[in-house]
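Peer 1: What follows is a protein structure lacking sequence information:
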């Protein structure tokens, strides 16, 4: 069988890599392709842990690339539809010189509300059935996105409008910083930018570049919908609007979103 030191043949290298954030249609994207072509969130926890160790300086680039090659050898996927690879976009661009990269843009206010709604559901799972190790992993990952993001304490955060708005501001800054990094880092000839709304129309174009026939695709399904109830989502939208009025990065993020899609 293949070992970690074995090279990845061009055929088995990823052809399309998503650099999008969570809650931008990644589940639906992966499902639209024929079976065996795409993988969603492949080896999520070990991949995130390895990436964070690399970002923290606990691993070098050689160790990171070793892990990524081993991961790809096990996934054997042509479309890598993960939501954590934006952290190492530059390293992936170097490692896979023939790959295309996809960024699906969601409007910042809609994104932050949807993401917090999803995290609220994760909070309920952590409180009811997860181990201390799982909680520790989730907390570490959350702090990387926003200093005050504690998934295990999200219910307490939501009990206070001021704390919620602070978290919203931090996540909007995360959205803005991540997309600025991607645009400034990636080779524009290899980068595909699209809005979430236009993703259904873009998927056939992506399939064509992967030499797939349109008849092989499924209509883009709407999967992994936000599990939060309508009352919570309405409240989060209100908190986001209040944060915008009080002055935050929301206006800058919204303008950057529009600028990227206009360009």
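Peer 2: Right, received. Where do you want to start? What you see is a predicted model, and the numbers here were worked out from it, not measured in a lab.
Peer 1: so what's the backbone phi/psi at residue 241?
Peer 2: The phi and psi values for residue 241, taken as degrees, to the nearest 10, are phi -70, psi -40.
Peer 1: count of neighbours near the closest residue to it other than its chain neighbours?
Peer 2: Distance criterion C-beta to C-beta, 6 or more residues apart in numbering; nearest residue to residue 241, sequence neighbours excluded, is residue 109 at 7.9 Å. The way it works is simple: take the backbone N, C-alpha and C, and place the C-beta from them, glycine included. Counted by other C-beta atoms under 10 Å, the residues lying close to residue 109 total 21.
Peer 1: If we go by neighbour counts, what in the host helix or strand of residue 109 is buried?
Peer 2: Here residue 109 sits within helix 108-129, counting by DSSP states H and E. Residues of helix 108-129 classed as buried: 108-109, 111-120, 122-123, 126 (neighbour count, 16 or more other C-beta atoms under 10 Å).
Peer 1: before we move on, what about stretch 44-58?
Peer 2: Within stretch 44-58, judged by 16+ other C-beta under 10 Å, the buried ones are 47-48, 50-52, 54.
Peer 1: ok, now stretch 70-79?
Peer 2: 70-73, 75, 77-79.
Peer 1: And the contacts of that stretch?
Peer 2: If you take C-beta atoms under 8 Å, 6 or more residues apart in numbering as the criterion, stretch 70-79 is touched by 2, 4, 6, 8, 12-18, 29-30, 33, 37-39, 42-43, 47, 80, 206, 210.
Peer 1: buried subset of those?
Peer 2: Neighbour-count burial (16+ other C-beta under 10 Å) applied to the contacts of stretch 70-79 gives 8, 13-18, 29-30, 33, 37-39, 42-43, 47, 80, 206, 210.
Peer 1: Among those residues, which are located in strands?
Peer 2: Under the assignment DSSP state E, the buried ones among the contacts of stretch 70-79 contribute 16-18, 38-39, 80 to strands.
Peer 1: what ranges do the strands span in the stretch 51-200 of the chain?
Peer 2: 79-81, 100-105, 191-195 (DSSP state E, counting those that start in this stretch).
Peer 1: quick one, which of those is nearest to residue 177?
Peer 2: The minimum distance between residue 177 and those falls on strand 100-105, with 13.8 Å, by C-beta to C-beta.
Peer 1: so what does the closest one touch, helix or strand wise?
Peer 2: strand 16-18, helix 26-32, helix 89-95, helix 161-185, strand 191-195, helix 199-209, helix 250-262 (3 or more C-beta pairs under 8 Å, 6 or more residues apart in numbering; DSSP states H and E).
Peer 1: Tabulate those in a markdown table, adding columns for mean pLDDT and distance to residue 155.
Peer 2: What follows is the helices and strands packed on strand 100-105, written out as a markdown table (pLDDT from 0 to 100; distance: least, C-beta to C-beta, whole Å):
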| stretch | mean pLDDT | distance to residue 155 |
| --- | --- | --- |
| strand 16-18 | 98 | 30 |
| helix 26-32 | 93 | 25 |
| helix 89-95 | 98 | 33 |
| helix 161-185 | 97 | 11 |
| strand 191-195 | 97 | 32 |
| helix 199-209 | 93 | 32 |
| helix 250-262 | 96 | 24 |
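Peer 1: With distance to residue 136 added, can I get those in TSV?
Peer 2: Listed next are the helices and strands packed on strand 100-105 as TSV, based on distance: least, C-beta to C-beta, whole Å:
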stretch	distance to residue 136
strand 16-18	27
helix 26-32	25
helix 89-95	25
helix 161-185	20
strand 191-195	34
helix 199-209	34
helix 250-262	30
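Peer 1: most packed of these?
Peer 2: Comparing these by mean neighbour count (mean count of other C-beta atoms under 10 Å), strand 16-18 ranks first with a mean of 24.
Peer 1: Please list the residues outside it that contact it.
Peer 2: 26, 29, 78-83, 85, 92, 96, 99-104, 206, 209-210.
Peer 1: ok, now with 6 Å
Peer 2: For strand 16-18, contacts defined as C-beta atoms under 6 Å, 6 or more residues apart in numbering pick out 26, 79-81, 92, 99-102.
Peer 1: where's stretch 126-141 relative to the chain centroid, distance-wise?
Peer 2: The chain centroid and the centroid of stretch 126-141 are separated by 19 Å under C-alpha atoms, centre = their mean, to the nearest Å.
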